[in-house]
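1. give me the fold of what follows.
(2 chains, ligands or ions: 4)
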Number of protein chains: 2
Amino acid sequence: MLRWMKKSNQNDSDAYTSTIDGMKKVYKKFVRPLEELYRYQEFYSPLLTDSDFDAPPTVMLLGQYSTGKTTFIKYLLETDYPGLRIGPEPTTDKFVAIMHGEQDQIIPGNALVVDQRHPYKVLTRFGNNFLQRFEAAVIRNPVLQGLNLLDTPGVLAGAKQTVNRGYDFTGVVKWFADRVDMIVMLFDAHKLDISDEFSQTILACKGNDTKIRIVLNKADKVTNQQLMRVYGALMWSLGKVLGTPEVARVYIGSFWDQPYTNDDNRKLFEMEEEDLFKDIQSVPRGSIVRKLNDLVKRCRIAKTHAYIMSHIKNEMPVFGKEAKMKQIIANLPKIFQQLEQTTGIPAGDFPNVEEFQEKLKTFDITKLAKLNQGMIDALDKMIATELPRLMAQVPQDQELANDDYMMSVRKRE
Amino acid sequence: MLRWMKKSNQNDSDAYTSTIDGMKKVYKKFVRPLEELYRYQEFYSPLLTDSDFDAPPTVMLLGQYSTGKTTFIKYLLETDYPGLRIGPEPTTDKFVAIMHGEQDQIIPGNALVVDQRHPYKVLTRFGNNFLQRFEAAVIRNPVLQGLNLLDTPGVLAGAKQTVNRGYDFTGVVKWFADRVDMIVMLFDAHKLDISDEFSQTILACKGNDTKIRIVLNKADKVTNQQLMRVYGALMWSLGKVLGTPEVARVYIGSFWDQPYTNDDNRKLFEMEEEDLFKDIQSVPRGSIVRKLNDLVKRCRIAKTHAYIMSHIKNEMPVFGKEAKMKQIIANLPKIFQQLEQTTGIPAGDFPNVEEFQEKLKTFDITKLAKLNQGMIDALDKMIATELPRLMAQVPQDQELANDDYMMSVRKRE
Ligand SMILES: Nc1ncnc2c1ncn2[C@@H]1O[C@H](COP(=O)(O)OP(=O)(O)OP(=O)(O)O)[C@@H](O)[C@H]1O
Ligand SMILES: Nc1ncnc2c1ncn2[C@@H]1O[C@H](COP(=O)(O)OP(=O)(O)OP(=O)(O)O)[C@@H](O)[C@H]1O
Ligand SMILES: [Mg+2]
Ligand SMILES: [Mg+2]
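-> Ligands and ions are numbered 1, 2, ... in the order given. The predicted model follows:
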């Protein structure tokens, strides 16, 4: 990808770092204290740490075996990564996170999940069999500045992925699919047979449809008419498997450094490659916009949560707290309505009533806290001033970035 | 299509005629008398007349308005048909059956449905509004020897087809879809927006999936990359609408006599056109094979029906026929099993029990007839000798034709 890379990459990278640092700071100063006070983590998701912000944007490669995933990565990087193996038989047998570092090295899975600098801690739950099939390949490469790649083992047709591998393969794919920024699915134009096993893997990516990019690889290995048949058949099947009305973006070409076998579509393939590489290059920007959006969303939920919990605290009598709590739980839909009016928070920002009732049932009443309007005002001010300032730092395609941001804000209004 | 047409067409046409005549003869001599004796038409479908065999194979064109259906027909025929209108606005406002004849003429719908030579009698049930929008265009053209074309009004987006047209448009499409031999659906690469209304029309063709051919027309009007996007999006949607695992065959090109706007895909378009025209040219042969298959199927059903009805007759006492019939209806599943063993007819040849029970409830007991083993033996002998002889007459791709025939026979064994 080096030849496609924008000159400004180094500057971008600095700007990203400073935006991330900004997010860490505002989160620690304005959001996390509010979350701690009202026990956010017991109702929603864990409190964030620096490594959650640091996690670099990642592009995951997925596909049946020998579709050219590892070759694709090699072509992107214009070099091998440590431990890389390519071959016509099933070769890659690990999940390999390929990341930037000064020194080439391989970090085995067990070391990776205990390293605070990586966001992989939770992967321990997939067990030791998985951790032995997970590693990081560190390499000094400009493409990897601000972008991780994830090579994966090819899906084998006719085999129970989980039984054969000794770990929950689909579960791991799903975990990554939920967290990475782009999923590149490779198909082999020369040998298109979407196995049931791979359909399962595609389904594991559901809910992340917008992240999916399809690559019809080795497209120069067939005649033009065959290519049309194969491409048509691929879209026909994918439309049914993914089921979204939006058509996934497909890139047709041959993603390695060899000359084309069939030259008829040279122009098309070259344009497709250019488009795909631009698409991948925009991942860091997209990722930071997404992180900012997530932060805005989190702020709004934290604020709403503060109002709900302090309201409950306020209702508590000196005696008979438990009975009162039961009453509050039963009355929760009414309470939410009432709070909507007094605070002006839109209905859409309130949590799901039933789920919240469940959480309240086991909540420790002594942990309830009074309203701290000062903290909420500070948070509001931060959302109004600091976040737009951070947004303005995001490099490139400024308008687009702002559009994305505005849209996500508007939707919740 | 003239330039694609095989030289042997005239000979073929004669062979078809003689095969059809043969079918009419064996049906009248061996099958129809048996059907009449055991009241076949009260349980299955009407008795056949000569015009049912004569009905020439038909290719129906379907598509949203201005996708180029009428232009496509003009291109096939290399001439206009009487009444033809082409234009960028919705132009064709009728169903037009284009057929061969010595004299150019237009036959209006009301005349067409009363003409014994045409199989359109039942279309009267779609009412006068429809008949005013139905006509035949007769023209002397070698392409139409042994092949009818059916031009249709373009589907309008955002309009209730039935309300706006004054007749059950989808119902008419469905009626034709069940009867024609090929359905060519046109899409405009330049303006691809599959309206809900057209999806409805596609659904009306369900159950006839193997007849469907897709044409992505005006493919030279867009760039190569746009074409891939459009084609991908088309397959994506069609896969979902049709829902079959088999991918419909798509022909990509520009089906008119103008030079290509974008020449990049000339080779592809030309090959696609050649394939499609070959496909259309094979319709008459395919149609006659289908008619022979239908006749074999009908013979087997007629024979099974004869055994069932004569068995019932045999069971009838002198007094208490009505009560006995009630008992027989209740016992029908057992009777079918028993007949399977005594006659050796495979279970798959028996009708649906519940439906047959319903029919028996209203059947006039006095119409029951005794077993006529002589007629059945004659029928068996005809199936074993006459039908294969007729099959052997079907011209071209002889093996394929026989394969088709054998397969359909084998499945029922
Ligand atoms: N664009 C291409 N055109 C033709 N052949 C290719 C292309 N890319 C890769 N190949 C060949 O396909 C084979 C498989 O490649 P590779 O090992 O990169 O696939 P993979 O998807 O990583 O497979 P696995 O899932 O087993 O790791 C190799 O022989 C490679 O040389
Ligand atoms: N292959 C083609 N490339 C470019 N333009 C075409 C092509 N075929 C037809 N057209 C143009 O598209 C327009 C519509 O053509 P035509 O009337 O044949 O479509 P139609 O599907 O029959 O429409 P309707 O449903 O209204 O009858 C006309 O202007 C025609 O010249
Ligand atoms: Mg590999
Ligand atoms: Mg028309």
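
2. every contact and neighbour count from this point should use C-alpha atoms.
-> Will do.

3. name the element the residue in chain A that ligand 4 sits nearest to belongs to?
-> Using Cα to the ion, the closest approach of chain A to ligand 4 is made by residue A:232 at 26.8 Å. Using DSSP states H and E, residue A:232 falls within helix A:224-242.

4. residues in contact with that helix?
-> Helix A:224-242 is contacted by residues A:189, A:192, A:199, A:202-203, A:206, A:209, A:216, A:219, A:247, A:264-265, B:231-233, B:235-240, B:243, B:245, B:247, B:250, B:268, B:271-272 when judged by Cα atoms under 8 Å, 6 or more residues apart in numbering or on different chains.

5. avg pLDDT for it?
-> The average pLDDT within helix A:224-242 is 92.

6. so which elements touch the next helix or strand after that helix?
-> Next helix or strand after helix A:224-242 toward the C-terminus (DSSP H and E): strand A:249-252. Packing partners of strand A:249-252 (3 or more Cα pairs under 8 Å, 6 or more residues apart in numbering or on different chains; DSSP states H and E): strand A:212-217, helix A:266-281.

7. any chance of the ones you listed in JSON lines, with distance to residue B:114 and mean pLDDT too?
-> Listed next are the helices and strands packed on strand A:249-252 as JSON lines, based on distance: least, Cα to Cα, whole Å; pLDDT from 0 to 100:
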{"stretch": "strand A:212-217", "distance to residue B:114": "55", "mean pLDDT": "96"}
{"stretch": "helix A:266-281", "distance to residue B:114": "56", "mean pLDDT": "93"}
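
8. what parts of the stretch 151-300 of chain A come near chain B?
-> A:224-225, A:229, A:231-233, A:235-240, A:243, A:245, A:247, A:250, A:268, A:271-272 (Cα under 8 Å from any Cα of the partner chain).

9. just the buried ones from the residues you listed?
-> In those, burial by neighbour count holds for A:224-225, A:229, A:231-233, A:235-240, A:243, A:247, A:250, A:268, A:271-272, counting by 16 or more other Cα atoms under 10 Å in any protein chain shown.

10. ok, whichever residue of the stretch 51-200 of chain A sits closest to chain B to residue A:169 distance?
-> Per Cα to the nearest Cα, the residue of the stretch 51-200 of chain A with the smallest distance to chain B is residue A:194, at 11.6 Å. Counting by Cα to Cα, to the nearest Å, the separation of residue A:194 from residue A:169 is 17 Å.

11. point out the residues in the stretch 1-150 of chain A that sit beside chain B.
-> Checking the stretch 1-150 of chain A against chain B by Cα under 8 Å from any Cα, there are no hits.

12. shaky segments in the stretch 1-150 of chain A?
-> Within the stretch 1-150 of chain A, the stretches with pLDDT under 70 are A:3-4, A:6-13.

13. all helices of it, in order?
-> Secondary structure of the stretch 1-150 of chain A by DSSP state H, counting those that start in this stretch: the helices cover A:9-26, A:32-37, A:40-43, A:50-54, A:69-77, A:109-114, A:127-131.

14. follow-up on the earlier one: can I get the helices and strands packed on strand A:249-252 in JSON lines with distance to ligand 3?
-> JSON lines is the format used below for the helices and strands packed on strand A:249-252 (distance: least, Cα to the ion, whole Å):
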{"stretch": "strand A:212-217", "distance to ligand 3": "14"}
{"stretch": "helix A:266-281", "distance to ligand 3": "19"}
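
15. pick the most deeply packed of those.
-> Among these, strand A:212-217 has the highest mean neighbour count (mean count of other Cα atoms under 10 Å in any protein chain shown), at a mean of 22.

16. outside of it, which residues touch it?
-> A:67-68, A:182-189, A:231, A:248-255.

17. related to what we said a few turns ago, ok, which of the helices and strands packed on strand A:249-252 comes nearest residue A:107?
-> helix A:266-281 (24.8 Å; Cα to Cα).

18. one step back: deepest in the core, which of the helices of the stretch 1-150 of chain A is it.
-> A comparison of those by mean neighbour count, using mean count of other Cα under 10 Å, puts helix A:69-77 on top with a mean of 21.

19. do the helix holding residue A:232 and ligand 1 meet?
-> No - Helix A:224-242 does not reach ligand 1 (Cα under 6 Å from any ligand atom); its nearest approach is 13.6 Å.

20. okay, angle between that helix and strand A:212-217 too, please.
-> With axes from the mean of the first three to the mean of the last three Cα atoms, to 10 degrees defining the directions, helix A:224-242 sits at 150 degrees from strand A:212-217.

21. with only the CA atoms kept, save helix A:224-242 in CSV.
-> C-alpha atoms of helix A:224-242 as CSV (Å, rounded to 0.1, in the frame of the first residue of the first chain):
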residue,chain,number,x,y,z
ASN,A,224,-14.1,-12.1,-18.3
GLN,A,225,-17.3,-14.0,-18.7
GLN,A,226,-16.4,-16.5,-16.0
LEU,A,227,-15.6,-13.5,-13.7
MET,A,228,-19.1,-12.1,-14.3
ARG,A,229,-20.6,-15.5,-13.4
VAL,A,230,-18.5,-15.9,-10.3
TYR,A,231,-19.1,-12.3,-9.2
GLY,A,232,-22.8,-12.6,-9.8
ALA,A,233,-23.0,-15.9,-7.8
LEU,A,234,-21.0,-14.3,-5.0
MET,A,235,-23.4,-11.3,-4.7
TRP,A,236,-26.4,-13.6,-5.0
SER,A,237,-25.3,-15.6,-2.0
LEU,A,238,-24.0,-12.8,0.1
GLY,A,239,-27.2,-10.8,-0.4
LYS,A,240,-29.0,-13.8,1.1
VAL,A,241,-26.5,-14.5,3.9
LEU,A,242,-26.1,-10.9,5.1
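
22. so residue A:2 touches residue A:77, yeah?
-> Yes - between residue A:2 and residue A:77 a contact is recorded at 7.0 Å, counting by Cα atoms under 8 Å.

23. now do the shared contacts for the two.
-> Between them, residue A:2 and residue A:77 share the contacting residues residue A:143, judged by Cα under 8 Å, 6+ apart.

24. is ligand 1 within reach of stretch A:143-159?
-> Yes - with Cα under 6 Å from any ligand atom as the criterion, ligand 1 is reached by stretch A:143-159 at A:153-154.

25. need phi/psi at the residue located most distally from the centre of chain A.
-> Relative to the centre of chain A, the most outlying C-alpha is that of residue A:319, 47.1 Å out, by Cα atoms, centre = their mean. When read as degrees, to the nearest 10, the backbone of residue A:319 gives phi -110, psi 150.

26. which ones are touching the residue in the stretch 101-250 of chain A positioned nearest to ligand 1?
-> Closest residue of the stretch 101-250 of chain A to ligand 1, Cα to the nearest ligand atom: residue A:154 (3.0 Å). Residues in contact with residue A:154, defined by Cα under 8 Å, 6+ apart, are A:62-67, A:90-93.
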